[in-house]
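*Asks:* Structure of the sequence below:
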Amino acid sequence: MAPQLDPFFQKVDELKQPFIERLREAVAIQSVSAQAESRPDVVKMGHWVADQLKTLGAEVELRELGKEPGREHLDLPPVVLARYGSDPKKRTILVYGHYDVQPAEKEDGWATEPFDLTVDEQGRMFGRGSTDDKGPVLGWINIIDAHKQAGVEFPVNLLCCFEGMEEFGSLGLEEFVKAEGPKYFKDTDAVCISDNYWLGTEKPCLTYGLRGCNYYSLTISGPGQDLHSGVFGGTAHEPMTDLVTLLAKLVDCQGNILIPGIKELIAPVTDDEQGLYDAITYSMDDFHISLGSETSIMPTKEGTLMRRWRFPSLSIHGVEGAYSAPGCKTVIPAKVLGKFSIRTVPNMQSEDVTRLVTEFINAEAAKLQTKNKIEVALMHDGKCIPITLTFEEATGKNVLLLPMGSSTDAPHSINEKLDTRNYIEGTKLLGAYLHYVAEEPLN
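*Replies:* Sure thing, here's the model as predicted:
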């Protein structure tokens, strides 16, 4: 073990409570990137992260990305760039994270207020963004803090790139990173991202591949305004009926994608690859714990992991325009928008997937003999965590995904949490990574 790790580890333990309070402050800022009304809070969060880094002595820049495409009245939140150390004798490590979060409302089923970090007796810290990705982002900040307070020399030059639009497709970031590859990131020796999770709950893991994501909207409109079902029910083509019918044709209840041609895009499974799954430390009990139920489709560990990693999936996420508040309302919505995504795997190209999706929906729409207008559109796509491959291409360096949270953290869901143990020990892990990578010879 690197000799300076012991005092660093000890200081992290001593700073446990201040680090939790730092996360509490971060969670309280409702930085929901998808919601226009929350954009000021996303910007506020970016400035908060910048101030945390400045206070610790980092050189910080806030880079603006311009207007949001399609919503030009909204400014994209800034990218927070930071440099801590510039010693030419040290390796330079670039770390990436995001400070925006998914939407969350208490009424969704949260047991606690989603933007008020709540720590239970088991040390579970509940709050939106606690594990995805504010906890890991603060892990890097905590590392700097602990080194300073322990009087331990920082082992590397640290570059930080923290964005505020990851949960809405990382808009504007790909072009930014490519442009800064030969500039701000030019002396990068390696890239580390902590925006993923352990496979289970006990054993840490390294991630070397991720499924991509194509996200689509399906918009159906007809009447000139919302209608009363007591007057117009049964007399006009209803957009909601068409939408539900079409969404039901995309995927079956066993998770099989029903769009012709999708299977043919997938890279074949080799015998060597098939043989890897048996030795993986994981069980269906682990999976059921992370589900919070026993509603698994596949009966075996191997089948579940292949569905999770190796094969594409299609998920239906929501409907805009329909009545969703409590109680009854007998309205026929004039326009509805359904949202679904396809997780893509090796050999699947975004343009091929979109072509097959569009052709299939248009063909099925024709069968409905509806007079409503039906439009399908790609909202955003990416080969993995949207920016991972871009960093690799822009820097020419390897990208390591080093998770902090566990499989039971429920990112994007209700009651998202990060275990205190994972937060504190994860901070140590990220710090240890920097120490060990510092011992490798420079190129």
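*Asks:* Can you show me the strands along the stretch 201-350 of the chain?
*Replies:* Here the stretch 201-350 of the chain has its strands, by DSSP state E, counting those that start in this stretch, at 212-221, 227-228, 313-320, 331-332, 335-344.
*Asks:* Quick one: closest of the ones you listed to Asp41.
*Replies:* When these are compared by Cβ to Cβ, strand 313-320 sits nearest Asp41, at 21.3 Å. Bear in mind the C-beta positions are built from the backbone N, C-alpha and C, glycine included.
*Asks:* Tell me which other helices or strands the closest one touches.
*Replies:* With contacts taken as 3 or more Cβ pairs under 8 Å, 6 or more residues apart in numbering; DSSP states H and E, strand 313-320 sits against helix 239-248, strand 335-344.
*Asks:* mind listing what the closest residue to Ser130 other than its chain neighbours touches?
*Replies:* Nearest residue to Ser130, sequence neighbours excluded (Cβ to Cβ, 6 or more residues apart in numbering): Leu418, at 4.1 Å. Neighbouring residues of Leu418 by Cβ atoms under 8 Å, 6 or more residues apart in numbering: 23, 124-125, 130-131, 135, 404-405, 409.
*Asks:* among those, which are in helices?
*Replies:* 23, 135 (DSSP state H).
*Asks:* tell me the two of the contacts of Leu418 that are most distant?
*Replies:* Farthest apart among the contacts of Leu418 - using Cβ to Cβ - are Arg124 and Met404, which lie 14.2 Å from each other.
*Asks:* So which of those two has more stuff around it?
*Replies:* Met404 (27 against 18; other Cβ atoms under 10 Å).
*Asks:* Mind telling me what element the closest residue to the more buried one other than its chain neighbours is part of?
*Replies:* In space, and not counting its chain neighbours, Met404 is closest to Gly426: 3.5 Å by Cβ to Cβ, 6+ apart. Assigned by DSSP states H and E, Gly426 falls within helix 420-438.
*Asks:* Please apply the same query to Phe360.
*Replies:* helix 350-368.
*Asks:* so Val95 touches Ile144, yeah?
*Replies:* No: with contacts counted by Cβ atoms under 8 Å, Val95 stays clear of Ile144, the gap being 11.0 Å.
*Asks:* Which one's more surrounded, those two?
*Replies:* Neighbour comparison, Val95 and Ile144: the larger count goes to Val95, with 25 against 22 (by other Cβ under 10 Å).
*Asks:* now the spatially most central residue of the chain: how far from Arg355?
*Replies:* Centroid check for the chain by Cα atoms, centre = their mean gives Glu167 as the closest residue, at 5.6 Å. Taking Cβ to Cβ, to the nearest Å as the criterion, Glu167 is separated from Arg355 by 27 Å.
*Asks:* Which neighbours do Val95 and Ile144 have in common?
*Replies:* With Cβ under 8 Å, 6+ apart as the test, Val95 and Ile144 both reach Leu158.
*Asks:* which non-adjacent residue is nearest Gly230?
*Replies:* Per Cβ to Cβ, 6+ apart, closest to Gly230 is Thr330, 6.4 Å.
*Asks:* repeat for Asp13
*Replies:* Asp13's closest residue in space is Ile424 (Cβ to Cβ, 6+ apart), at 6.9 Å.
*Asks:* residue contacts, the one you found?
*Replies:* Counting by Cβ under 8 Å, 6+ apart, Ile424 has contacts 12-13, 16, 19.
*Asks:* Quick check on these: which are buried?
*Replies:* 12, 19 (16 or more other Cβ atoms under 10 Å).
*Asks:* Among the contacts of Ile424, which pair sits farthest apart?
*Replies:* Distance extremes for the contacts of Ile424: the farthest pair is Asp13 and Phe19 at 10.0 Å, using Cβ to Cβ.
*Asks:* okay, the strands of the stretch 201-350 of the chain in JSON lines with mean neighbour count next?
*Replies:* Supplementary listing: the strands of the stretch 201-350 of the chain in JSON lines, determined by neighbours: other Cβ atoms under 10 Å:
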{"stretch": "strand 212-221", "mean neighbour count": "21"}
{"stretch": "strand 227-228", "mean neighbour count": "14"}
{"stretch": "strand 313-320", "mean neighbour count": "15"}
{"stretch": "strand 331-332", "mean neighbour count": "18"}
{"stretch": "strand 335-344", "mean neighbour count": "21"}
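*Asks:* a markdown table for those, including mean pLDDT?
*Replies:* A markdown table is the format used below for the strands of the stretch 201-350 of the chain (pLDDT from 0 to 100):
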| stretch | mean pLDDT |
| --- | --- |
| strand 212-221 | 96 |
| strand 227-228 | 96 |
| strand 313-320 | 97 |
| strand 331-332 | 96 |
| strand 335-344 | 98 |
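*Asks:* In CSV, list those strands along with distance to Pro204.
*Replies:* Below are the strands of the stretch 201-350 of the chain laid out as CSV (distance: least, Cβ to Cβ, whole Å):
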stretch, distance to Pro204
strand 212-221, 24
strand 227-228, 55
strand 313-320, 25
strand 331-332, 50
strand 335-344, 24
